[in-house]
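Engineer: sharing a model prediction with you, sequence too.
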Amino acid sequence: MKILVTGGAGFIGSAVVRYLMSETDHEVLCVDKLTYAGNLESLSVVENNERYRFVQADICDQALLSKQFDEFCPDIIMHLAAESHVDRSIDGPSAFIETNIVGTYNLLEVSRKYFKWLCEENAEKAAAFKFHHISTDEVYGDLDDPEDLFSETTPYAPSSPYSASKASSDHLVRAWQRTFGLPTVITNCSNNYGPYHFPEKLIPLIILNALAGKPLPVYGDGSQIRDWLYVEDHAKALVEVALKGGTGETYNIGGHNEKKNIEVVFAICELLEELAPNKPSGVAYYKDLITYVDDRPGHDLRYAIDASKIQRELGWVPAETFDSGLRKTVKWYLNNERWWKRVLDGSYKGERLGVKR
């Protein structure tokens with residue numbers, strides 16, 4: 001199969017590309033705009049693979065997208081390109097509207113025209129074509145009842161500009177499937193973590209701040225609950241859905257690992273005590289660096305995924321527990337200092353970055 005991956009230089013996208021290159025024989029065209037979160041160094045292990053190629057392109061550029069479709073002739077679209085950080089969406093929502101809504105519309109339109117051409121010229125290839133849209137559990141809002149879980153039929157109630165823009169893109173994908181017959185499938189995932197994660201997100205931020213002896217910022221009292229999914233487990237699930245998921249279906253993907261944010265921070269501190277005992281000057285215990293800060297506006301209290309459908313229909317279950325995945329993650333950051341230092345100082349893009357909380 002020929003698989004076009006948008007946002008393939010991002011955190012989850014690069015995990016998908018690495019998995020496709022190492023565990024399958026499929027060809028991959030990686031399309032990425034290379035904004036601050038796109039990092040080709042996350043794909044250095046596959047860059048010389050003859051089944052892989054990269055094109056820098058913005059999904060808001062319909063003409064350039066059409067050119068890539070014409071040249072590559074994809075069988076599957078895996079759409080991961082998105083602005084994804086809630087704090088950034090609060091500070092500057094316009095980029096989220098442009099990329100997540102307008103960009104998805106552009107990609108759907110290019111895909112619709114391409115699929116129409118396939119139906120006329122290559123019925124066998126048309127029968128295999130699929131548009132896989134990768135979304136988030138944040139479109140569902142949050143959960144009040146501690147026993148509740150998000151299912152594929154949970155009503156949408158997004159809280160932030162980010163989640164509202166992703167909810168909008170989900171609706172567009174479903175509309176293009178129902179109105180135009182475009183073969184689509186949607187996945188909604190819980191919080192990802194793991195190697196190559198951009199340092200503004202909670203887990204890498206805590207790891208790197210702790211190693212530097214900097215404050216470990218925790219929103220509010222840290223009681224917000226998230227379901228944590230190891231990124232390599234997620235990549236495997238996404239490929240399963242792309243290859244075997246039913247047209248018009250939605251699959252929730254979760255890690256079965258509900259943790260309070262403060263529990264995650266304490267767990268990282270404990271691992272660092274074991275794995276990085278030589279602390280920065282003046283630091284007795286990593287946990288002493290924890291600093292409680294004002295909560296973000298509209299902060300959802302709890303997310304939790306019911307992932308029984310993907311297990312029942314496609315046989316996917318996560319391989320990592322939170323403990324095993326977090327240990328792998330902390331070890332990766334300890335062993336890959338060059339990668340994250342080049343992100344922090346901006347040299348991976350030739351510019352410095354102000355990394356946000």
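Structural biologist: Yes, it's here.
Engineer: use CA for all of it now, contacts and neighbours both
Structural biologist: Fine.
Engineer: mind checking the SS state of residue 248?
Structural biologist: coil (DSSP: H, G, I helix; E, B strand; the rest coil).
Engineer: phi, psi of it?
Structural biologist: Dihedral pair for residue 248: phi 80, psi 0, per degrees, to the nearest 10.
Engineer: just to check, it is in contact with residue 181?
Structural biologist: No. Using C-alpha atoms under 8 Å, residue 248 makes no contact with residue 181, being 9.4 Å away.
Engineer: those two: which is more packed in?
Structural biologist: residue 248 (18 against 15; other C-alpha atoms under 10 Å).
Engineer: need the contact list for the more buried one.
Structural biologist: 174, 177, 183-186 (C-alpha atoms under 8 Å, 6 or more residues apart in numbering).
Engineer: and it, how far is that from residue 178?
Structural biologist: 8 Å (C-alpha to C-alpha, to the nearest Å).
Engineer: what do you get for residue 145?
Structural biologist: Applying C-alpha to C-alpha to residue 145 and residue 178 gives a distance of 33 Å.
Engineer: which residues of the chain score low on pLDDT?
Structural biologist: In the predicted model of the chain, residues 350-357 satisfy pLDDT under 70.
Engineer: swap in 50 and give it another go.
Structural biologist: Residue ranges of the chain with pLDDT under 50: 351-357.
Engineer: please enumerate the helices of it.
Structural biologist: In order along the chain, the chain carries the following helices (DSSP state H): 11-23, 62-72, 86-91, 94-96, 104-121, 123-128, 161-180, 202-212, 231-244, 261-275, 308-314, 322-335, 337-344.
Engineer: list the buried residues of the second one.
Structural biologist: Pointing back at helix 62-72 there. 62, 64-66, 68-69 (16 or more other C-alpha atoms under 10 Å).
Engineer: packing partners of that helix?
Structural biologist: Secondary-structure packing of helix 62-72 (3 or more C-alpha pairs under 8 Å, 6 or more residues apart in numbering; DSSP states H and E): helix 104-121.
Engineer: neighbouring contacts of the helix it packs on?
Structural biologist: Taking C-alpha under 8 Å, 6+ apart as the rule, helix 104-121 contacts 59-62, 65-66, 69, 125-126, 129, 131, 169, 172-173, 176, 180, 182.
Engineer: same deal with stretch 3-14?
Structural biologist: Contacts for stretch 3-14 (C-alpha under 8 Å, 6+ apart): 16-17, 26-34, 37-40, 42-43, 59, 74-82, 192, 196-198, 231, 234-235.
Engineer: which residues are in contact with the closest residue to residue 265 other than its chain neighbours?
Structural biologist: Sequence neighbours aside, residue 206 is the residue nearest to residue 265 in space, at 6.8 Å (criterion: C-alpha to C-alpha, 6 or more residues apart in numbering). Counting by C-alpha under 8 Å, 6+ apart, residue 206 touches 216-217, 265, 268.
Engineer: tell me who's in contact with the residue lying closest to residue 53 once chain neighbours are set aside.
Structural biologist: Leaving aside its chain neighbours, residue 53 sits nearest to residue 29 (5.2 Å; criterion: C-alpha to C-alpha, 6+ apart). Contacts for residue 29 (C-alpha under 8 Å, 6+ apart) come out as 2-5, 52-55, 72.
Engineer: quick one: which of those residues sit in strands?
Structural biologist: Among the contacts of residue 29, the ones falling in strands (DSSP state E) are 2-5, 52-55.
Engineer: and these as TSV, adding neighbour count?
Structural biologist: Shown next, in TSV, are those (neighbours: other C-alpha atoms under 10 Å):
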residue	neighbour count
2	17
3	24
4	26
5	25
52	18
53	15
54	17
55	15
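Engineer: need those in TSV (columns: distance to residue 21).
Structural biologist: Shown next, in TSV, are those (distance: C-alpha to C-alpha, whole Å):
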residue	distance to residue 21
2	12
3	11
4	13
5	12
52	8
53	11
54	13
55	17
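Engineer: I appreciate the help and will end here.
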